[in-house]
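> Generate a structure from the sequence data that follows.
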Amino acid sequence: MKFKTNTLTAAILGAMIGVAGCSSDSNNTTDTTSAANVSGKITGFGSVYVDGVEFETDGTSITIDGMPATEDDLRVGMLVHIEGSDDGRNGNATNITFEDEVEGVVTQTVAGGGLQVMGLSITTDGTTNLDLKDLTDTNTDGVIDTADLALGDEVEISGYPDGNGGVHATYIEFEGQHNGTDEIEVKGTIASLMATTFMIGDMTVDFSGATFEDGLTQASDLVEGMYVEVEANTAPVAGVLTATKIELEDGGSYGVDGDEGEEIEVEGMISAIDTTSTPNTITVNGQTFDIPEGLDISGFAVGDMIDLDIEIVGGVATIHEIEDESHDDDHPGKIEVEAVVTSTDTTVGSSSITLGGVTISVDPAKVIMLDYSATPDQFFNLGSIVAGTDRVEVEAIPNEAGDGYIAISIERETSVETYVEIEGPVSVSNDGVTDTFSVAGVTVDLSTAVFNDANTIADVVADVEISVKGSFDNGVLVVTEVEIKD
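Sure, this is the predicted structure:
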């Protein structure tokens with residue numbers, strides 16, 4: 001897994017909950033505009049892209065952690081709440097609100113990615129957007145990631161409950177070492193409630209000296225299972241956080257809520273599936289839903305990112321559609337191309353980017369745009385890319401027709417290297433040359449390539465996934481390095 005540092009920060013796919021007079025999912029092509037009440041992860045700018053919808057922000061009121069803000073303060077990966085209107089593709093935002101999930105100190109780092117913050121297990125993946133620009137690469141591996149965080153470092157995290165008492169992060173920002181007096185906060189569900197303490201994750205909260213607000217008046221109002229926000233001025237000591245204030249969060253319960261007849265869109269991670277109960281159930285973002293008869297969930301597994309279309313019927317959140325919303329890390333035929341951009345096409349409806357001999361379609365509403373250059377553009381988009389100069393990395397998957405690729409993420413790099421790197425499944429070319437193959441439709445010559453580990457050219461067979469690095473000569477990528485993926 002690769003993480004990089006960025007002034008923009010980079011992410012994503014977190015918990016999305018959208019409520020509207022009629023459905024506004026990203027596949028809706030109707031021109032009918034309806035009221036929108038949407039919570040989701042920012043995937044890009046050029047206005048603000050959330051849940052496949054481009055929301056215009058002229059005159060929009062923006063609030064971050066309760067304070068007035070501007071669009072310049074928003075970042076890719078933030079889970080935001082939007083009020084306004086949309087037609088499923090385009091919209092206007094009246095209000096945009098961001099509230100972090102955790103703002104606290106690192107209590108443990110985890111090898112391979114992830115960390116513990118204030119006793120909460122924070123998981124990360126290839127969609128997690130990191131703003132760690134002020135960190136030093138302590139591992140001297142050329143990549144700044146969560147392993148470079150130190151105990152006592154203060155971070156701000158946006159994400160959603162993973163159903164196991166932790167948070168799956170969509171956005172992590174480094175804010176320096178905690179000075180011992182800055183306010184820190186954590187949200188979670190009360191467990192193991194005692195006279196003066198309870199647990200959130202693996203951390204004990206001592207509320208003996210805390211004040212109570214926003215729906216709570218005294219300690220006796222606390223109950224197990226209640227969703228609360230805990231504030232403190234000092235970091236946990238020996239696993240105990242001394243709370244200064246406790247208040248209800250989201251009315252005391254995390255999850256989908258709405259009025260009769262409302263349609264709700266929930267995106268998140270599956271933490272449990274029960275096919276032995278009647279009816280079957282699925283748990284997403286810590287909330288369990290009944291699966292109605294006739295709805296097939298056999299293709300989904302714990303850990304998948306999904307999109308639930310829900311309607312409130314008789315006071316019950318009722319699922320009527322489930323869609324795969326994963327980052328497509330394991331999507332069959334997925335490719336990655338890193339090279340200097342040859343050209344871009346920003347024509348509405350047929351946008352594309354060409355690099356490394358591959359032309360890839362781009363849907364601005366669905367691609368994650370990340371700028372890791374030396375001078376990152378706050379509102380980085382396809383039109384920001386300078387052909388012939390900018391080096392980018394594109395992740396893409398086969399399109400529905402199977403005759404091309406569509407981008408799922410585009411990252412502008414700091415590197416000025418000119419080599420081409422392509423990763424994807426192999427198909428043997430039709431020219432009959434033993435050492436020439438095709439990856440992502442590009443002919444690659446492996447005759448002089450150096451292989452990783454003990455692999456040889458005999459291991460390069462159809463459909464095996466490889467990563468190749470080289471340069472073009474008469475339309476053929478002459479490869480110098482080959483890595484065969486597990």
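> show me the contacts for the closest residue to Asp250 other than its chain neighbours.
Excluding its sequence neighbours, the residue lying closest to Asp250 (C-beta to C-beta, 6 or more residues apart in numbering) is Tyr227, at 5.8 Å. Where you see a C-beta, it was placed from the backbone N, CA and C, and this is true even at glycine. Applying C-beta atoms under 8 Å, 6 or more residues apart in numbering to Tyr227 gives the contacts 187-190, 248-250, 252-254.
> rerun at 7 Å
Going by C-beta atoms under 7 Å, 6 or more residues apart in numbering, Tyr227 touches 189, 249-250, 252-254.
> For it, report the pLDDT, please.
pLDDT recorded at Tyr227 is 88.
> just to revisit the earlier point, tell me the two of the contacts of Tyr227 that are most distant?
Thr189 and Asp250 (10.9 Å; C-beta to C-beta).
> These two - which one has more neighbours?
Thr189 (20 against 13; other C-beta atoms under 10 Å).
> Tell me if I'm right that the more buried one and Gly225 touch.
Yes. Using C-beta atoms under 7 Å, Thr189 is in contact with Gly225, at 6.0 Å.
> Would you confirm that Gly113 contacts Val143?
No. With contact defined as C-beta under 7 Å, Gly113 does not reach Val143; the gap is 11.3 Å.
> neighbour count winner among these two?
The neighbour comparison of Gly113 against Val143 (other C-beta under 10 Å) goes to Gly113, with 19 against 14.
> Distance of the more buried one relative to Ser271?
Distance of Gly113 to Ser271, computed by C-beta to C-beta, to the nearest Å: 18 Å.
> now do Ile246
Ile246 is 25 Å from Ser271, where distance means C-beta to C-beta.
> Then Ala235?
28 Å.
> same question, Gly333
According to C-beta to C-beta, Gly333 and Ser271 sit 28 Å apart.
> the more surrounded of those two?
Ser271 (20 against 15).
> Tell me if I am right that that one is in a strand.
Yes. Ser271 sits within a strand when classified using DSSP: H, G, I helix; E, B strand; the rest coil.
> Just to check, it is in contact with Val302?
Yes. At 6.4 Å, Ser271 and Val302 qualify as touching, with contact defined as C-beta under 7 Å.
> Quick check: Ile322 is in a strand.
Yes. Per three-state DSSP, Ile322 lies within a strand segment.
> contacting residues around it?
Contact analysis of Ile322 by C-beta under 7 Å, 6+ apart lists 295, 297, 300, 306, 308.
> List the contacts of the fourth one.
Contacts for Ile306 (C-beta under 7 Å, 6+ apart) come out as 270, 284, 300, 322-325.
> Repeat the analysis, applying 8 Å as the threshold.
267-270, 284, 300, 322-326.
> just those residues now: which is nearest Leu382?
Glu325 (22.0 Å).
> Which pair in the contacts of Ile322 has the greatest spatial separation?
So, the contacts of Ile322 by C-beta to C-beta: farthest apart are Leu295 and Ile306, at 12.1 Å.
> Give the ranges of residues in the stretch 201-350 of the chain that sit below the confidence cut-off.
In the predicted model, the stretch 201-350 of the chain carries pLDDT under 70 at residues 254-258, 325-330.
> cutoff 90 now
Low-confidence segments of the stretch 201-350 of the chain, defined by pLDDT under 90: 201-203, 214-215, 225, 227, 234-239, 249-272, 275-280, 282-333, 348-349.
> Break down it into its strands, ranges please.
203-206, 211-213, 227-232, 240-242, 245-248, 263-274, 281-284, 287-290, 305-313, 316-324, 335-345 (DSSP state E, counting those that start in this stretch).
> now the helices for the stretch 101-250 of the chain?
Secondary structure of the stretch 101-250 of the chain (DSSP state H, counting those that start in this stretch): no helices present.
> Now stretch 160-173: buried residues?
Judged by neighbour count using 16 or more other C-beta atoms under 10 Å, the buried positions of stretch 160-173 are 160-163, 165-173.
> er, stretch 415-432 I mean
Those would be 419-426, 429, for stretch 415-432 by 16+ other C-beta under 10 Å.
> Check stretch 363-382 too.
Of the residues in stretch 363-382, 364-365, 367-373, 376, 379-382 count as buried by neighbour count, 16+ other C-beta under 10 Å.
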